[in-house]
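**Q** Fold the following for me, if possible:
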Amino acid sequence: MAQETEVTVEQVWNLLDFFNTHGVRALLHGGWALDALTGETVRAHKDIDLLVDGAERSRLAELLGEAVFEEQPHKLGVNFEGAEVDLVFYEMDSRGRAVTWTPRVLVRWAPDAVSGATGKLAGREAPTVGLQALYCEIANPVRKKAAMLKKNQSDLARIKPLMTPKSMREAEQWFPLENTRWNRLLWRLGVK
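**A** Residues are numbered from 1 along each chain as shown. Below you'll find the model as predicted:
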C-alpha cells in the first residue's frame with residue numbers, strides 16, 4: 001500500500017498513545033526517530049516505522065484488526081487513522097541480542113536499539129531506537145534502491161554530528177546483512 005499523503009506528528013502521537021494505552025512498548029525508528037533525536041523535521045514522511053517486541057505480534061494483530069493490510073513474518077503493515085505504519089518485530093536471540101529476520105535482510109539491531117532512548121517530537125518525549133541503531137539503519141546500503149539511498153544521504157548528514165567517530169566505526173559491526181544461510185549460521189555462532 002503506497003501512502004500518497006504526508007503523515008503528521010499528530011498521527012504519530014495518536015499511534016504512540018494507542019500503544020501506551022494497551023501497554024505495548026513501541027519504538028520509533030526511521031525518519032520519525034531521526035526527527036525526535038535531532039529535534040527537527042526537515043522533510044515530509046510518508047509512513048511511521050515502529051520497532052516492537054515480537055511477543056506482542058498476535059495481540060497487536062487482534063487489537064488492530066481490519067487496519068492490518070499486510071502480514072509478513074517480520075512485520076505488519078497497518079493503516080492507522082490514514083497513516084501507513086510498518087510494525088517491525090524483533091526477537092531476542094540466545095545471547096540477548098535483538099534481531100529481525102526479514103526475507104532479504106538479517107537486521108542485527110545495535111545493542112542500544114531497545115534500550116529506551118527518547119527524543120522530542122512536538123515537545124513530548126518520544127520513545128526511539130538508540131542513536132547507534134538508527135545510524136546503522138540509515139548508513140547501510142544493503143538492499144536499498146536508489147531513491148532510498150539518496151534520502152539516506154541527507155539523513156546521514158543529520159545524524160553524523162550526533163555520533164562520535166568511534167561510535168560510527170563500532171556501528172559497522174551491526175550493519176544489516178543479506179539473509180543467507182551462511183550469514184545466519186555466522187550470526188548464531190556469534191562470529192558476526
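
**Q** Count the neighbours of G82 for me.
**A** 10 (other C-beta atoms under 10 Å). C-beta here means a position set from N, CA and C on the backbone, and glycine is covered the same way.

**Q** So it is in contact with N14, correct?
**A** No. The pair G82 / N14 is not scored as a contact, 10.2 Å apart, by C-beta atoms under 8 Å.

**Q** which one is the residue nearest in space to the middle of the chain nearest to, not counting chain neighbours?
**A** Taking C-alpha atoms, centre = their mean, the centroid of the chain lies closest to H29, which sits 3.4 Å from it. Using C-beta to C-beta, 6 or more residues apart in numbering and skipping residues adjacent in sequence, the residue nearest H29 is V129, 4.5 Å away.

**Q** Could you check how many residues crowd around that neighbour?
**A** Neighbours around V129, by other C-beta under 10 Å: 29.

**Q** Now do the contacts for it.
**A** By C-beta atoms under 8 Å, 6 or more residues apart in numbering, the contact set of V129 is L27, L28, H29, A33, L51, W109, D112, A113, V114, A117, E137.

**Q** quick one on the thing from earlier: now the residue nearest to the centre of the chain. Its backbone dihedrals?
**A** Here is the backbone geometry of H29 (degrees, to the nearest 10): phi -140, psi 180.

**Q** P141 versus that one, what's the distance?
**A** Using C-beta to C-beta, to the nearest Å, H29 is found at 17 Å from P141.

**Q** just G23 next, same as before
**A** 37 Å.

**Q** residue boundaries of the strands in this structure?
**A** 26-29, 47-53, 68-72, 75-80, 83-92, 98-101, 105-108, 117-121, 124-128, 177-178 (DSSP state E).

**Q** So for G190, which of those strands sits nearest?
**A** strand 105-108 (11.2 Å; C-beta to C-beta).

**Q** other SSEs contacting the closest one?
**A** Packing partners of strand 105-108 (3 or more C-beta pairs under 8 Å, 6 or more residues apart in numbering; DSSP states H and E): strand 98-101, strand 177-178, helix 181-189.

**Q** now those in CSV, with distance to T5 and mean neighbour count?
**A** Formatted as CSV, the helices and strands packed on strand 105-108 follow (distance: least, C-beta to C-beta, whole Å; neighbours: other C-beta atoms under 10 Å):
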stretch, distance to T5, mean neighbour count
strand 98-101, 27, 20
strand 177-178, 33, 16
helix 181-189, 37, 13
